[in-house]
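# sharing a model that was predicted from the sequence below.
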Amino acid sequence: MGTGFICEQKLKREDPALHLLFTDSVVCMQQMLNKYQVIFPTYTDHTALHSLEVIDFCNALIGEQIHQLNADEIYVLLMSAYLHDSGMGITEKDYQEFLRQIPLGEYRRLHPDALVSDIIRDFHQEFSGEYIKKYADFFEIPTPEHVFAIVQAARGHRRTDLTDPGGYPSDYRVPNGNRVCLPYLAALLRLADELDIAADRNLQFMYDESAIDNEYSRMEFRKHRAIRRVTITEDAFFLYVDDEDAEVFREVEKLADKLGDTLAECREVTEKRTPFRITQERIEIHRCGKGQRQ
């Protein structure tokens, strides 16, 4: 997308020590993220490749507002982008430990046949939060305040209430006095995560459609493969979609509607609770069928 790695570059420029902590953690995080494939062998990509795409989308969404972000906010955003799906590759021991900290509500009653993989998938933002807390020292996260901010931003990529001032304060402070605007960082991450829907998220060398053993996962594979690319301008998201298969195209339209709901939610939270803005207002689907691929 040509974002120029604006967050990474600013962090390196403004706080080399914090940037070094981040880069030192990247190798460990990359290895850890690959473990999700043990539990979800046919799931859409959740490796470091996905994290890098999410960071790139965050860079594009931030744009000129990069000048309003301080180094601690950028560090929290980058770390949470890498770790937001860390709960999908946990060990059995961590699963049992973390489960005691996660309120499932009526989930077990409503899903009596739920497997461990079902629970992890449906609550993976909470498992990710517990994972970050447990292994914060391993990732060299410098202070408890940074740990809290990264946990909340990572959890915020799905389902959590970004309007909650207790969980997502707009003016959270780290020990050096810097503000961390958690509603904005979590909204960025939530929107960027949903934007990673194009074909390159299901790389052909990683996934074999013929090996997928259920219709839901097979449709997910076909749906993402049909989205040739996603681009961002200052006021819109553009989805370039192969429309040769009518059923798949209808599923992509539903996906675009869901993305639209997330966009509206994140725009509202950001406008009401932060000094920042998400400038994109709409989603457009461009057909690129046979002979028209872009």
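Yep, that arrived.
# only C-alpha atoms from now on, for both contacts and neighbour counts.
Will do.
# for the stretch 151-294 of the chain, which segments count as strands?
Using DSSP state E, counting those that start in this stretch, the strands found in the stretch 151-294 of the chain span residues 172-173, 179-180, 227-232, 236-241, 282-287.
# and the last one, what does it pack onto?
Yep, that's strand 282-287 we're talking about. Here strand 282-287 is seen to pack against strand 236-241, helix 246-273 when contacts are counted using 3 or more C-alpha pairs under 8 Å, 6 or more residues apart in numbering; DSSP states H and E.
# that one to strand 227-232, inter-axis angle?
Direction vectors for strand 282-287 and strand 227-232, defined by axes from the mean of the first three to the mean of the last three C-alpha atoms, to 10 degrees, enclose an angle of 150 degrees.
# partners of strand 282-287 in the sheet?
strand 236-241 (parallel) (DSSP bridges).
# name the residues of the strand it pairs with that are buried.
Of the residues in strand 236-241, those with enough neighbours to count as buried (16 or more other C-alpha atoms under 10 Å) are 237-241.
# please identify the most buried of the strands of the stretch 151-294 of the chain.
Sort the strands of the stretch 151-294 of the chain by mean neighbour count, taking mean count of other C-alpha atoms under 10 Å, and strand 179-180 sits at the top with a mean of 22.
# in its sheet, what does that strand sit against?
Strands adjacent to strand 179-180 in the sheet, as given by DSSP bridges, are strand 172-173 (antiparallel).
# work out the gap between the partner strand and the centre of the chain.
Chain-centre distance of strand 172-173: 22 Å, with C-alpha atoms, centre = their mean, to the nearest Å.
# wait, doesn't residue 76 sit right on residue 146?
Yes. With contacts counted by C-alpha atoms under 8 Å, residue 76 reaches residue 146, the gap being 7.0 Å.
# more neighbours: which of those two?
Here residue 76 and residue 146 are set side by side on neighbour count (other C-alpha atoms under 10 Å), and the busier one is residue 76, at 26 against 22.
# ok, the more buried one - contacts?
Contacts for residue 76 (C-alpha atoms under 8 Å, 6 or more residues apart in numbering) come out as 146, 149-150, 153.
# tell me which of those residues fall in helices.
The helices in this structure, assigned by DSSP state H, contain 146, 149-150, 153 from these.
# and the pLDDT for residue 209?
Confidence at residue 209, expressed as pLDDT, is 56.
# check residue 27 too.
82.
# run a quick neighbour tally on it.
By other C-alpha under 10 Å, the residues close to residue 27 number 11.
# for residue 216, same thing?
9.
# how far away is it from residue 223?
With distances defined as C-alpha to C-alpha, to the nearest Å, the gap from residue 216 to residue 223 amounts to 10 Å.
# over to residue 273?
In this view, residue 273 and residue 223 are 34 Å apart by C-alpha to C-alpha.
# ok, residue 169 next?
To residue 223, residue 169 is 36 Å away according to C-alpha to C-alpha.
# sorry, back to before: okay if I get the strands of the stretch 151-294 of the chain as JSON lines plus mean pLDDT and distance to residue 160?
Written out in JSON lines, the entries for the strands of the stretch 151-294 of the chain read as follows (pLDDT from 0 to 100; distance: least, C-alpha to C-alpha, whole Å):
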{"stretch": "strand 172-173", "mean pLDDT": "98", "distance to residue 160": "17"}
{"stretch": "strand 179-180", "mean pLDDT": "98", "distance to residue 160": "18"}
{"stretch": "strand 227-232", "mean pLDDT": "94", "distance to residue 160": "25"}
{"stretch": "strand 236-241", "mean pLDDT": "97", "distance to residue 160": "24"}
{"stretch": "strand 282-287", "mean pLDDT": "96", "distance to residue 160": "23"}
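# those strands: which one's closest to residue 112?
Set against residue 112 and scored by C-alpha to C-alpha, these come closest in strand 227-232, at 35.1 Å.
# in its sheet, what does the closest one sit against?
Sheet pairing of strand 227-232 (DSSP bridges) gives strand 236-241 (antiparallel).
# between helix 246-273 and the partner strand, find me the angle.
Using the same axes, to 10 degrees, the direction of strand 236-241 lies 170 degrees away from that of helix 246-273.
# hey, where'd the helices end up in this structure?
Assigned by DSSP H, the chain shows helices spanning 6-14, 16-33, 36-39, 48-62, 71-83, 92-99, 107-110, 116-122, 124-134, 144-155, 182-195, 215-226, 246-273.
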